[in-house]
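*Asks:* 3D model of this:
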Amino acid sequence: MSMKTLSLVKGRHHFCFRYEVGQEAKVLEALVDMVRRRELSFDWFDAAVLSHQLGQHLAKELKAFLPKKAA
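*Replies:* The predicted model follows:
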């Protein structure tokens, strides 16, 4: 399986997620869990930025399955 990385730098914090293609739902769950942890400086905007990156990765994966003319 292919490994993907999501990354966000926020001030002095660097949030980095590595995951296998097909595990996107688990990544989204982890982002929600991090928002709920009050001790982290990770909010819904940060989760949205990383979920957008996740969507971009998914789009690239799906594009590989399209016929060349449709891509």
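*Asks:* burial of Leu31, as a residue count?
*Replies:* Number of residues near Leu31 (other CB atoms under 10 Å) recorded here: 22. Heads up, the C-betas are built off the backbone N, CA and C, glycines and all.
*Asks:* typed the wrong thing, it's Leu50
*Replies:* As a burial measure, Leu50 scores 22 neighbours (other CB under 10 Å).
*Asks:* Check which helix or strand the most centrally placed residue in the chain maps to.
*Replies:* Against the mean C-alpha coordinate of the chain, by CA atoms, centre = their mean, the closest residue is Leu54 at 3.5 Å. Remark: Leu54 resides in helix 44-63, with elements defined by DSSP states H and E.
*Asks:* Please apply the same query to His14.
*Replies:* strand 13-20.
*Asks:* And that strand, what's buried?
*Replies:* 15, 17, 19 (16 or more other CB atoms under 10 Å).
*Asks:* Equivalent analysis for stretch 31-44, please.
*Replies:* In stretch 31-44, the ones that count as buried by 16+ other CB under 10 Å are 31, 34-35, 42.
*Asks:* which residues of the protein score low on pLDDT?
*Replies:* Filtered on pLDDT under 70, the chain yields the residue ranges 70-71.
*Asks:* other SSEs contacting the strand holding His14?
*Replies:* strand 3-10, helix 24-36, helix 44-63 (3 or more CB pairs under 8 Å, 6 or more residues apart in numbering; DSSP states H and E).
*Asks:* Please list the outside residues in contact with that strand.
*Replies:* With CB atoms under 8 Å, 6 or more residues apart in numbering as the test, strand 13-20 has contacts from 1-9, 26-27, 30, 34, 41-42, 46, 50.
*Asks:* Just the buried subset of those, please.
*Replies:* 4, 6, 27, 34, 42, 46, 50.
*Asks:* Same list (those) but as TSV, adding distance to Leu66.
*Replies:* Output for those, formatted as TSV (distance: CB to CB, whole Å):
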residue	distance to Leu66
Lys4	19
Leu6	24
Val27	24
Met34	33
Phe42	34
Asp46	31
Leu50	25
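*Asks:* which one of those residues sits closest to Lys69?
*Replies:* Lys4 (26.7 Å; CB to CB).
*Asks:* Right, I'll call it a day here.
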